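1. would you be able to build a 3D model of this:
(one chain, ligands or ions: 1)
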Amino acid sequence: MESSYGLRAVRAGSATGAGLAGWQADTGRTVEIVRKVPVTYWCPQGHETTPVFAELAETEIPKTWDCPRCGRTACREQGATAERPGDEPFKSHLEYAKERRTPEEAERVLQDALDRLHRRRS
Ligand SMILES: [Zn+2]
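-> Prediction:
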């Protein structure tokens with residue numbers, strides 16, 4: 001036999017409303033309604049930390065976490081490191097494209113400036 005009592009529970013994410021507080025006050029009970037999801041992170045030093053989040057969509061869970069023991073950036077994959085000491089910072093194609101375009105743009109801006117200067121002088 002199922003009780004309908006539990007079905008009234010406020011779903012995770014909307015548990016901050018006044019309704020819940022009121023309900024808790026009425027019953028005098030604190031019920032854990034928000035599901036807790038432990039997520040394990042490993043820092044480059046191998047420290048393991050498992051913060052517990054309220055139920056979150058996969059995309060809402062932080063990809064990295066500051067290691068509480070050494071302060072470095074911990075990742076959700078063991079052995080992966082967010083920090084790549086000695087490596088060039090990762091650049092996207094867009095950033096490479098920007099870099100390629102920059103000298104041309106700079107030249108054009110310079111040419112415009114020279115044109116204006118010539119017009120003003122003549
Ligand atoms: Zn650490």
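
2. where does the prediction get shaky in this structure?
-> 1-33, 80-91, 93-101 (pLDDT under 70).

3. switch to 80 and redo it
-> For the chain, applying pLDDT under 80 flags the ranges 1-34, 79-103, 121-122.

4. pull out the buried residues from stretch 63-74.
-> 65, 67, 74 (16 or more other Cβ atoms under 10 Å). Yep, even glycine has a C-beta here, placed from its N, CA and C like the rest.

5. out of those, which comes closest to residue 45?
-> Each of these was checked against residue 45 using Cβ to Cβ; the closest is residue 67, at 7.0 Å.

6. follow-up on the earlier one: which of the buried residues of stretch 63-74 fall in strands?
-> 65, 74 (DSSP state E).

7. TSV for the buried residues of stretch 63-74, including distance to the ion?
-> As requested, the buried residues of stretch 63-74 are arranged in TSV below (distance: Cβ to the ion, whole Å):
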residue	distance to the ion
65	10
67	3
74	7
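
8. just put the buried residues of stretch 63-74 in a markdown table and tack on distance to residue 92.
-> Formatted as a markdown table, these follow (distance: Cβ to Cβ, whole Å):
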| residue | distance to residue 92 |
| --- | --- |
| 65 | 24 |
| 67 | 27 |
| 74 | 24 |
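
9. does residue 118 lie in a helix or a strand, and which?
-> Under the criterion of DSSP states H and E, residue 118 resides in helix 93-121.

10. thanks a lot, catch you later.
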